[in-house]
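Q: Please work out how this folds:
(chains A, B, C and D)
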Number of protein chains: 2
Amino acid sequence: MNIGNRIAELRDARALTQEQLATTLGISRAALSHYEKNRRQPDFDTLIKLADEFNVSVDYLLGRTKRPEITLDPVVRQFVDDLELSEQEILERFSLKVDGTKLSPEEAKRFIAFVRAERSMETNG
Amino acid sequence: MNIGNRIAELRDARALTQEQLATTLGISRAALSHYEKNRRQPDFDTLIKLADEFNVSVDYLLGRTKRPEITLDPVVRQFVDDLELSEQEILERFSLKVDGTKLSPEEAKRFIAFVRAERSMETNG
DNA sequence: TAGATATGATACATAATGTATCCTTTGCAG
DNA sequence: CTGCAAAGGATACATTATGTATCATATCTA
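A: Residues are numbered from 1 along each chain as shown, chains lettered A, B, ... in the order given. This next block holds a predicted model:
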């Protein structure tokens, strides 16, 4: 997925014409067409205007991420990192809720400490 | 915060010289210097190489976000957003890791009991 | 203080961009 | 059908930005 496709996709989703979006961005329709056809690269200013306009991340526009969210909450990110939950197969199937309620960051931390403590006892005892 | 500052910042944090980073990126040192001084804008290819190299989001490089986190893979995102961690699922296919070691079913069970107990205490106390 | 190292500044050939304009397709009213 | 208009793709070309070599300017340090 490249930037052109993403722009066209987002524009279509809003039922905007190239003319309309171009005007909003302050560029010519021709330029926008070039972007959508991956013949030109918008400058950073226009890139950010696009991201703002569609409320997506630049990473998404560039096809670097599959989802448009800007970033995950850092706490969640940290949580995932700490748990070493990085294997896709696993992650496809699980997220951490207990009895329907998400684990809070504090709970996650305590969880980790808990597991470590238990293991430590197993090892030493 | 503009891209130049971010690049210089990240490069300094790794104690890399412009020469070293430029080589890694496959560009001239002069070009990198221009980027850091905000005299030129790297093309998308270089932009993404930079983000990959430093493991940050392009949004961060562009100064669009304050934190460097990249958007997680959608699978991870889903994992975080929505998962019900039932004991049955845990027993069947749960494989959280802590410190690189998989959680055993017993550990998973204790974990759930642990979370429930804590929540109970919060609710009642 | 000379030499090495790192980085900023500059010039200029080269490459990319922005826009006007033309072309093609599609939908639809008559 | 036919003609028209809207939308978007293609092209040409003047303009602008970029990449790099090279020079200049610190900053260490032996």
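Q: where does chain A dip in pLDDT?
A: Applying pLDDT under 70 to chain A picks out residues A:66-125.
Q: And it, split by domain according to the record?
A: A:3-62, A:84-123 (the TED database).
Q: Next up, identify which helix or strand A:A51 is on.
A: Element membership for A:A51, per DSSP states H and E: helix A:44-54.
Q: name the helices or strands packed onto that helix?
A: The helices and strands touching helix A:44-54, judged by 3 or more C-beta pairs under 8 Å, 6 or more residues apart in numbering or on different chains; DSSP states H and E, are helix A:18-25, helix A:58-61. C-beta: built from backbone N, CA, C; applies to glycine.
Q: Tell me which of those helices lies nearest to chain B.
A: Across those, chain B has its closest neighbour in helix A:58-61 (4.6 Å, C-beta to the nearest C-beta).
Q: Quick one: the helices and strands packed on helix A:44-54 as TSV, columns for mean neighbour count and distance to B:N5 too.
A: Formatted as TSV, those follow (neighbours: other C-beta atoms under 10 Å in any protein chain shown; distance: least, C-beta to C-beta, whole Å):
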stretch	mean neighbour count	distance to B:N5
helix A:18-25	16	25
helix A:58-61	27	17
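Q: quick one: the strands in chain A?
A: Per DSSP state E, chain A carries strands over the ranges A:97-98, A:101-102.
Q: DNA strand D contacts on chain A?
A: When proximity is defined by C-beta under 7 Å from any atom of the strand, chain A lies next to DNA strand D at A:8, A:11, A:17-19, A:29-30, A:33-34, A:36-37, A:39, A:43.
Q: Give me the buried subset of the residues you listed.
A: With burial judged by 16 or more other C-beta atoms under 10 Å in any protein chain shown, the buried subset of the residues of chain A next to DNA strand D is A:8, A:11, A:18, A:34, A:36.
Q: separation between the second one and B:H34?
A: A:R11 sits 32 Å away from B:H34, going by C-beta to C-beta, to the nearest Å.
Q: Of all pairs in the buried ones among the residues of chain A next to DNA strand D, which one spans the longest distance?
A: Within those, A:R11 and A:H34 form the most distant pair, 13.9 Å apart (C-beta to C-beta).
Q: Could I have the CA atoms of stretch A:3-23 written out in PDB?
A: Output of stretch A:3-23 as PDB, limited to C-alpha atoms (Å, rounded to 0.1, in the frame of the first residue of the first chain):
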ATOM      1  CA  ILE A   3       0.600   6.900  -0.300                       C
ATOM      2  CA  GLY A   4      -1.400   7.400  -3.500                       C
ATOM      3  CA  ASN A   5      -3.700   4.600  -2.800                       C
ATOM      4  CA  ARG A   6      -4.200   5.800   0.800                       C
ATOM      5  CA  ILE A   7      -5.100   9.300  -0.300                       C
ATOM      6  CA  ALA A   8      -7.500   8.200  -2.900                       C
ATOM      7  CA  GLU A   9      -9.000   5.800  -0.500                       C
ATOM      8  CA  LEU A  10      -9.600   8.400   2.200                       C
ATOM      9  CA  ARG A  11     -10.800  10.900  -0.300                       C
ATOM     10  CA  ASP A  12     -13.300   8.500  -1.800                       C
ATOM     11  CA  ALA A  13     -14.500   7.500   1.600                       C
ATOM     12  CA  ARG A  14     -15.400  11.100   2.200                       C
ATOM     13  CA  ALA A  15     -16.900  11.500  -1.300                       C
ATOM     14  CA  LEU A  16     -14.700  14.400  -2.100                       C
ATOM     15  CA  THR A  17     -13.500  15.300  -5.600                       C
ATOM     16  CA  GLN A  18      -9.800  15.900  -6.300                       C
ATOM     17  CA  GLU A  19     -10.800  19.500  -6.900                       C
ATOM     18  CA  GLN A  20     -12.400  19.800  -3.400                       C
ATOM     19  CA  LEU A  21      -9.500  18.200  -1.500                       C
ATOM     20  CA  ALA A  22      -6.900  20.100  -3.500                       C
ATOM     21  CA  THR A  23      -8.600  23.300  -2.600                       C
END
